[in-house]
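>>> Got a sequence here, can you model it:
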Amino acid sequence: MMTCTHLDQIDRSVTPSADGCEECLKLGDTWIHLRLCLICGHVGCCDSSKNKHATAHFHATRHPLVQSAEPGEDWLYCYVDELTMEPGTGALWSGDWHVTPR
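Here you go, the predicted structure:
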């Protein structure tokens with residue numbers, strides 16, 4: 001079974017840095033979906049968005065884990081391990097995480 005080796009880096013006190021993609025808001029641009037960095041709280045746009053700021057944030061900081069910031073979604077993605085995970089039970093960041101089969 002594949003596992004993420006970075007879950008211990010999640011900062012459970014992290015709060016979103018903006019109400020939208022930080023960089024797109026500064027540019028006056030738009031996005032499709034948002035991702036929350038679970039290490040520092042940076043909010044960036046997804047790879048379906050033209051600017052892909054969440055992935056750019058990973059490349060600049062090496063912060064490995066993001067969570068979907070979309071309503072009704074709670075999955076995580078680890079850029080380093082290239083794994084998508086969903087919460088096992090309970091509230092965000094408090095349950096066990098398991099890998100989502102592709």
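>>> Would you map the helices across the chain?
With DSSP state H as the criterion, the chain has helices at 22-27, 53-61.
>>> For H33, which of these is the nearest?
helix 53-61 (9.0 Å; Cβ to Cβ). All C-beta atoms are positioned from the backbone trio N, CA, C, and that covers glycine.
>>> what's next to that closest one, contact-wise?
21-24, 31, 34-35, 37, 39-40, 42, 44-47, 63-64, 66, 79 (Cβ atoms under 8 Å, 6 or more residues apart in numbering).
>>> any idea which of the helices of the chain is most buried?
Greatest average neighbour count among the helices of the chain goes to helix 53-61 (a mean of 18), per mean count of other Cβ atoms under 10 Å.
>>> Please compute how far that one lies from its chain's middle.
When C-alpha coordinates are averaged (Cα atoms, centre = their mean, to the nearest Å), helix 53-61 and its chain have centres 10 Å apart.
>>> And the nearest residue to H6 once chain neighbours are set aside, how close does it get to T30?
Nearest non-adjacent residue to H6, counting by Cβ to Cβ, 6 or more residues apart in numbering: P64, 4.4 Å away. Separation of P64 from T30 (Cβ to Cβ, to the nearest Å) stands at 26 Å.
>>> Show me which of those two is the more surrounded one.
Taking other Cβ atoms under 10 Å, P64 and T30 do not tie; P64 has more neighbours (22 against 13).
>>> need the contact list for the more buried one.
So P64 contacts 6, 9, 39, 58, 78-81 (Cβ under 8 Å, 6+ apart).
>>> what separates it from Y79, distance-wise?
5 Å.
>>> Where does the prediction get shaky in this structure?
The model of the chain has pLDDT under 70 over residues 1, 88-102.
>>> Thank you, goodbye.
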